[in-house]
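*Asks:* What follows is a predicted protein model with its sequence.
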Amino acid sequence: MGIAVPLTIFFLLGLHTPSQFFTVAATTFLAWGLADLLATILERPRLENRSAKLAIKEDLERRKTVD
């Protein structure tokens, strides 16, 4: 799956060079990672009934006070 998605995008866009493929692969990897991070944050029970923006802001503030 991690190779199929970038390859599919690469061929559908009609790209040709290896650097273009690696750019598509890196972008896909980063987007996938960010989506996974946000999904992890939002599925925690303590974040129910809050927006994603508020939850991220509170997590960042909490981490600043711990450090």
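*Replies:* Good, I have the coordinates.
*Asks:* Contacts for stretch 30-50 next, please.
*Replies:* 52, 55-56, 58-59 (C-beta atoms under 8 Å, 6 or more residues apart in numbering). Yep, even glycine has a C-beta here, placed from its N, CA and C like the rest.
*Asks:* Repeat that for stretch 9-24.
*Replies:* With C-beta under 8 Å, 6+ apart, stretch 9-24 has contacts from 6-7, 28.
*Asks:* Can you flag which of those belong to helices?
*Replies:* Judged by DSSP state H, the subset of the contacts of stretch 9-24 located in helices is 6-7, 28.
*Asks:* Tell me the buried residues within those.
*Replies:* Among the ones in helices among the contacts of stretch 9-24, those classed as buried by 16 or more other C-beta atoms under 10 Å are 6, 28.
*Asks:* Please convert the buried members of the contacts of stretch 30-50 into PyMOL selection syntax.
*Replies:* This is how PyMOL selects the buried members of these, with burial counted by 16+ other C-beta under 10 Å:
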select buried, resi 55+56
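*Asks:* Now do the residue positioned nearest the centre of the chain against Thr40, distance only.
*Replies:* By C-alpha atoms, centre = their mean, the chain has its centre lying nearest to Leu34, at 1.6 Å. Leu34 sits at a distance of 11 Å from Thr40 (criterion: C-beta to C-beta, to the nearest Å).
*Asks:* Next: Val24.
*Replies:* Distance of Val24 to Thr40, computed by C-beta to C-beta: 25 Å.
*Asks:* The helix or strand where Lys64 lies packs against which elements?
*Replies:* Secondary structure assignment for Lys64, by DSSP states H and E: helix 52-66. Contacts defined by 3 or more C-beta pairs under 8 Å, 6 or more residues apart in numbering; DSSP states H and E place helix 52-66 against helix 18-42.
*Asks:* Many thanks, I have nothing further to ask.
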